[in-house]
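S.K.: the following block contains a protein sequence and its predicted model.
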There are 2 protein chains.
Amino acid sequence: MEMNLKDLGEFGFIDRIRPDTLVRPEGVIRGIGDDCAVCRPTRGQVTLLTTDMLVEDVHFQRDASSPYRLGRKCIAVNLSDIAAMGGTPKEALVSIAIPDTVPLEYLDAIYEGMKSMAREFDVNLLGGDTTSAPLHLVINVALVGEAPEREVLYRSGAEPGDVIFLTGPVGDSAAGLDLILSNRSREGQDALLQAHFDPHPHVKAGRIIAGQKVAHSLIDVSDGLAGDLGHVCAESKVGAILEEDHIPTTERFRAYCERFQVDPWRLTLHVGEDYVLLGTVPEASAGTIAAALKSGGCPFLPIGRIVAEPGIRLLSRDGSARQIHPSGWDHFPRG
Amino acid sequence: MEMNLKDLGEFGFIDRIRPDTLVRPEGVIRGIGDDCAVCRPTRGQVTLLTTDMLVEDVHFQRDASSPYRLGRKCIAVNLSDIAAMGGTPKEALVSIAIPDTVPLEYLDAIYEGMKSMAREFDVNLLGGDTTSAPLHLVINVALVGEAPEREVLYRSGAEPGDVIFLTGPVGDSAAGLDLILSNRSREGQDALLQAHFDPHPHVKAGRIIAGQKVAHSLIDVSDGLAGDLGHVCAESKVGAILEEDHIPTTERFRAYCERFQVDPWRLTLHVGEDYVLLGTVPEASAGTIAAALKSGGCPFLPIGRIVAEPGIRLLSRDGSARQIHPSGWDHFPRG
């Protein structure tokens, strides 16, 4: 007989998820099981706080991915926000609202996924909230990170002349999403699906960039390249010129777009949830960042320049430029 | 014409809620608007972390309360968790999933309520996540607090011989809920409804108790007195004897139970969301706590004793005792 949540009760369920939640016990005074978790901040570091909510039928379909990958992604999107500040992720709190149509084994797999992603990045699951839900599964993760104050990187520091760079290719995640939404065959497209369902946050690259203390700004690409570069430009009161030729994509992404006649620019610029980092750095220091990333095994991929004039322009190989709209994903698009 | 979220867009909405979110700017390096909020922990204090998710049709009905009180309660339940550790609340992150049936003015009122409660307790709203939802409104708050490490109070410290005390009466919130669920007239019952819809977290009392460094354990009463005392007993591996005569209730609570023939013990022991604190302290130090609470304008209400034998017994005036079940609210009650 299938066991469900009612057989366990709320506190039985909490006991069930407690094992393997504490992967870095130093600094933790109390984990799951009291009114609050209690931990000791690292002396001399500032605290980074972020939170992300994933809602069924908005961010995910219960049957489109696996619950294990869903759990991993819930943690990953928050890790990426810490990476985008140049920080080290430390402690996670997970709130979950569970409809009674969700079997216990599905929940177990979500938590297995969350724990595996947390373990990969040395993050403790220190607590959360567990409740029932009328219809849709909702998962919220709040993540606490740390960084030396002088190393924290913001969206607002970009300056004209800065080189704009990425820490990885863009487009795969958007192509994976396009594949699902268009109901095309998933045959042979594992890598695109993986990019969408199980993104890898660039925490290591973020720490390397921040540690050099020469970058001007940093953000993660979660709303499409144009959307996130648009945030940097707006907050820094600058514009940007991107070189079409330099936007890094994978061979499989280009093959997908060609085969199905999908506009690659729509996917890379306006959709992608690639969770690579986008940084800006003065030209004179670009080599420092590039070398540090390289010796850490991370790519440094220059894609354009910050300029004083507002707006984002895309420069093609023949030298012509076109204005692109700094729009990414908006949960409440203007009607 | 009524304005809605689609007229604003996600980032327009974030700009709309940003004013008055920073009530204690010292220590905050970056508030709403970047990938993470950034703040400086107070030297020598440990960090307290808690989170609570409120789901429509589980924790609240959209039309039963006002959105303003709903916003206040979302913050209050988290403040109470910080109070239950003896801590000071500092920074809040709010995630919200919004169905398109929620008008903008309803949302504005929720945020007004959250801000008013946060302001009362000197808490910054430092960020969050805003997303659409298919049907039900969901609000998650994550709260960061602080306390001197030696003052933090846990559920697990209770010892036989300890006096068990409350910092306020219980039952009003449960009576307010009973009133709503039974569809009785709300006429003249404002105080009971207020207790349920707009509870007051005992942050001040928690700090006073913790500051004396003599209490053994502390918890907030959010699941009913028996449920929460049950947590203390389980974590501390002790039992408890409560004196029926000493359980503090209000005149209006007793009048409600009498008038509608409602069992007062069911409400006080197994339902209440009163958010008063329940503490235990060695008898020799009870006076210290009582005096400190009194000079802070907070009540000290002894209700029984911690004993070595497991279980919770309720002692009536005639000296007879009955075992009570340590059960409170369970989101997934065993079927």
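M.R.: Here it is on my side, so go on.

S.K.: so is the worst-scoring helix or strand of chain A on mean pLDDT next to chain B?
M.R.: Ranking every helix and strand in chain A by mean pLDDT, DSSP states H and E puts helix A:5-17 at the bottom, with a mean of 83. Yes: Helix A:5-17 is in contact with chain B by Cβ under 8 Å from any Cβ of the partner chain, via A:Leu5, A:Lys6, A:Asp7, A:Leu8, A:Gly9, A:Glu10, A:Phe11, A:Phe13. Backbone N, C-alpha and C define where each C-beta goes, glycine included.

S.K.: measure the nearest residue to A:Leu277 once chain neighbours are set aside to A:Phe253 for me?
M.R.: Nearest non-adjacent residue to A:Leu277, counting by Cβ to Cβ, 6 or more residues apart in numbering or on different chains: A:Thr167, 4.4 Å away. Separation of A:Thr167 from A:Phe253 (Cβ to Cβ, to the nearest Å): 16 Å.

S.K.: A:Pro25 too?
M.R.: For A:Pro25, the distance to A:Phe253 equals 41 Å [Cβ to Cβ].

S.K.: A:Lys90 now?
M.R.: Relative to A:Phe253, and taking Cβ to Cβ, A:Lys90 is found at 34 Å.

S.K.: likewise A:Gly33?
M.R.: Distance, A:Gly33 to A:Phe253, by Cβ to Cβ: 45 Å.

S.K.: neighbour count winner among the two?
M.R.: A count of neighbours by other Cβ atoms under 10 Å in any protein chain shown puts A:Phe253 above the other of A:Gly33 and A:Phe253, at 26 against 17.

S.K.: that one is in contact with A:Gly168, isn't it?
M.R.: No: using Cβ atoms under 8 Å, A:Phe253 is not in contact with A:Gly168; the gap is 11.9 Å.

S.K.: any idea which helix or strand comes after the helix or strand in which A:Thr51 is found?
M.R.: Assigned by DSSP states H and E, A:Thr51 belongs to strand A:45-55. With elements assigned by DSSP H and E, the helix or strand that comes after strand A:45-55 is helix A:67-83.

S.K.: may I have that next one as CSV, with CA atoms only?
M.R.: C-alpha atoms of helix A:67-83 as CSV (Å, rounded to 0.1, in the frame of the first residue of the first chain):
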residue,chain,number,x,y,z
PRO,A,67,10.6,15.6,-8.6
TYR,A,68,14.3,15.0,-7.9
ARG,A,69,15.3,17.7,-10.5
LEU,A,70,12.6,20.0,-9.3
GLY,A,71,14.1,19.8,-5.8
ARG,A,72,17.5,20.5,-7.2
LYS,A,73,16.3,23.5,-9.2
CYS,A,74,14.5,25.1,-6.2
ILE,A,75,17.9,25.3,-4.4
ALA,A,76,19.8,26.1,-7.6
VAL,A,77,17.9,29.3,-8.5
ASN,A,78,18.7,30.7,-5.0
LEU,A,79,22.3,29.6,-5.2
SER,A,80,22.6,31.5,-8.4
ASP,A,81,21.4,34.7,-6.6
ILE,A,82,24.2,34.3,-4.1
ALA,A,83,26.6,33.6,-6.9
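
S.K.: right, is the helix or strand that that helix is followed by up against chain B?
M.R.: Counting by DSSP H and E, the next helix or strand C-terminal to helix A:67-83 is strand A:88-99. Yes: Strand A:88-99 is in contact with chain B by Cβ under 8 Å from any Cβ, via A:Glu91, A:Leu93, A:Ser95, A:Ile96, A:Ala97, A:Ile98.

S.K.: now find how far off-centre strand A:88-99 is within its chain.
M.R.: With Cα atoms, centre = their mean, to the nearest Å as the basis, strand A:88-99 stands 15 Å off its chain's centre.

S.K.: angle of that strand against strand A:45-55?
M.R.: Strand A:88-99 runs at 30 degrees relative to strand A:45-55, counting by axes from the mean of the first three to the mean of the last three Cα atoms, to 10 degrees.

S.K.: and strand A:88-99, what other elements does it pack with?
M.R.: strand A:37-39, helix A:67-83, helix A:104-120, strand A:124-133, strand A:138-148, helix A:203-212, strand B:45-55, strand B:138-148 (3 or more Cβ pairs under 8 Å, 6 or more residues apart in numbering or on different chains; DSSP states H and E).

S.K.: next, format these as CSV and append mean pLDDT, mean neighbour count and distance to B:Cys298.
M.R.: Shown next, in CSV, are these (pLDDT from 0 to 100; neighbours: other Cβ atoms under 10 Å in any protein chain shown; distance: least, Cβ to Cβ, whole Å):
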stretch, mean pLDDT, mean neighbour count, distance to B:Cys298
strand A:37-39, 98, 24, 23
helix A:67-83, 98, 26, 37
helix A:104-120, 97, 20, 39
strand A:124-133, 95, 24, 27
strand A:138-148, 98, 27, 30
helix A:203-212, 98, 22, 45
strand B:45-55, 98, 25, 20
strand B:138-148, 98, 27, 18
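
S.K.: can I get those in CSV with distance to A:Thr21?
M.R.: Compiled in CSV, the helices and strands packed on strand A:88-99 are given as follows (distance: least, Cβ to Cβ, whole Å):
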stretch, distance to A:Thr21
strand A:37-39, 10
helix A:67-83, 12
helix A:104-120, 7
strand A:124-133, 4
strand A:138-148, 13
helix A:203-212, 19
strand B:45-55, 13
strand B:138-148, 17
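
S.K.: who does the residue nearest to A:Val77 when sequence neighbours are not counted form a beta bridge with?
M.R.: Spatially, and ignoring its direct neighbours in sequence, A:Val77 is nearest to A:Asp52 (4.8 Å; Cβ to Cβ, 6+ apart). Counting by DSSP bridges, A:Asp52 is bridged to A:Val141.

S.K.: is it true that A:Asp52 touches A:Ile82?
M.R.: No: using Cβ under 8 Å, A:Asp52 is not in contact with A:Ile82, being 11.2 Å away.

S.K.: shared neighbours, those two?
M.R.: Listed as contacting both A:Asp52 and A:Ile82 by Cβ atoms under 8 Å, 6 or more residues apart in numbering or on different chains is no residue at all.

S.K.: for chain A, which spans come out with low pLDDT?
M.R.: Scanning chain A for pLDDT under 70 picks out A:1-3, A:328-335.

S.K.: which helices and strands does the least confident helix or strand of chain A pack with?
M.R.: When contacts are defined as 3+ Cβ pairs under 8 Å, 6+ apart, helix A:5-17 sits against helix A:104-120, strand A:124-133.
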